[in-house]
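> Let me see the structure of the following:
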Amino acid sequence: MRQPSIAEKQPADATSPDGMHRKLGAKGQRTRQQLIDATVALLETNGLRDVSVVDVARAANTSPATFYVYFKGVPEAVLAALEGASQTSPELEALIDRDWLSPGAMDDARMFVDRYTELWNRNRNIFVVRNLAAEEGDARFYEARMRQARPMMKAISEQVSRAQAAGRTPGDLSPTACSGTILMMLERLAAVGPISRGEDGVSYANLKAAAAHHLAIMLGVHAS
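Numbering: from 1, shown residues only. From the prediction side, this is the model:
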């Protein structure tokens, strides 16, 4: 199934400097999207604090005044980009929904880690910025992070509960906490794995294999 693009998921309105919302026409939607795309592109080589409204306007071939028609500042443009970024997909949902107590689960755990880190890195620029801002205490980015994590957290939590019912995972663990720690591990792996140097024999592939093992054990897979 094709995933909706960022443009397709953006709301067709804008926030003017006085905080009022108004509907956008086709031209306005295109301009708004150009500003979002320019912001995301600049974040590839710059931190959030290093990107200014002037930088974004210049990259989008427009003016700062036009930028402020759509966004209050660069963080708001990033939050708009996050509205169209997902941390799940039909493939991932199908993988996590499998019977983890049946044969072949370890292979599926490895595939899940591969697909999850691939998806995360498609939105790497804004996810890295989102997580840093959330960890620095920006409630808007924290809420964005949690909103995007909740569907997969819920799916993993349900599988942890099944593993507990089968006596495969300790019953005194919180399924929600288990799913949260798994996703934190995978997010960090996705963020640093691609830039790891493979020193001391710890390559990205090694890290993903270890993560898959942890995931599988948490979901009740017997180690072989």
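
> and the residue nearest the centre of the chain, which of the three is it?
Centroid-nearest residue in the chain: residue 87, 4.4 Å away (criterion: CA atoms, centre = their mean). The assignment at residue 87 comes out as coil when based on DSSP: H, G, I helix; E, B strand; the rest coil.

> Do I have it right that residue 51 meets residue 42?
Yes - with contact defined as CB atoms under 8 Å, residue 51 counts as touching residue 42 (4.8 Å). All C-beta atoms are positioned from the backbone trio N, CA, C, and that covers glycine.

> count of residues packed around residue 204?
Counted with other CB atoms under 10 Å, residues neighbouring residue 204 total 17.

> Can you tell me, leaving aside adjacent residues, what's nearest to it?
In space, and not counting its chain neighbours, residue 204 is closest to residue 193: 4.3 Å by CB to CB, 6 or more residues apart in numbering.

> Please apply the same query to residue 55.
Nearest to residue 55 is residue 42, by CB to CB, 6+ apart, at 5.9 Å.

> Give me the pLDDT for the one you found.
Residue 42 carries a pLDDT value of 95.

> so what's residue 67 up against?
By CB atoms under 8 Å, 6 or more residues apart in numbering, the contact set of residue 67 is 35, 53, 56-57, 60, 77.

> Just put these in TSV and tack on distance to residue 23 and secondary structure.
Formatted as TSV, the contacts of residue 67 follow (distance: CB to CB, whole Å; DSSP: H, G, I helix; E, B strand; the rest coil):
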residue	distance to residue 23	secondary structure
35	17	helix
53	23	helix
56	23	helix
57	23	helix
60	21	coil
77	19	helix
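
> How is this protein partitioned into domains?
Segmentation of the chain into domains, based on automatic domain parsing, reads 6-83, 90-218.

> worst average pLDDT in those?
Sorting these by mean pLDDT places domain 6-83 lowest, at a mean of 83.

> Roughly how far does residue 214 sit from residue 182?
7 Å (CB to CB, to the nearest Å).

> More neighbours: which of the two?
Taking neighbours as other CB under 10 Å, residue 214 and residue 182 compare with residue 182 leading, 23 against 15.

> circling back to that earlier point, and for the residue nearest to residue 55, the neighbour number?
Residue 42 has 22 neighbours, counted by other CB under 10 Å.

> and the residue nearest to residue 204, what does it touch?
By CB under 8 Å, 6+ apart, the neighbours of residue 193 are 117, 204, 207-208.

> What strand or helix carries the closest residue to residue 43 other than its chain neighbours?
Leaving aside its sequence neighbours, residue 43 sits nearest to residue 125 (CB to CB, 6+ apart; 4.2 Å). Using DSSP states H and E, residue 125 sits within helix 124-135.

> on that earlier part again, the residue nearest to residue 43 is in contact with residue 47, isn't it?
No - if you go by CB under 8 Å, residue 125 and residue 47 don't touch, sitting 10.7 Å apart.

> Settle it for me: which of those two has more neighbours?
Between residue 125 and residue 47, counted using other CB under 10 Å, the more crowded position is residue 125 (20 against 11).

> Show the contacting residues for residue 208.
Neighbouring residues of residue 208 by CB under 8 Å, 6+ apart: 110, 113-114, 117, 189, 193.

> how close does it get to residue 176?
For residue 208, the distance to residue 176 - CB to CB - is 24 Å.

> Give me the helices and strands touching the helix of greatest length in the chain, please.
Longest helix in the chain, counting residues (DSSP state H): helix 139-165. Judged by 3 or more CB pairs under 8 Å, 6 or more residues apart in numbering; DSSP states H and E, the packing partners of helix 139-165 are helix 74-83, helix 90-96, helix 124-135, helix 175-192.
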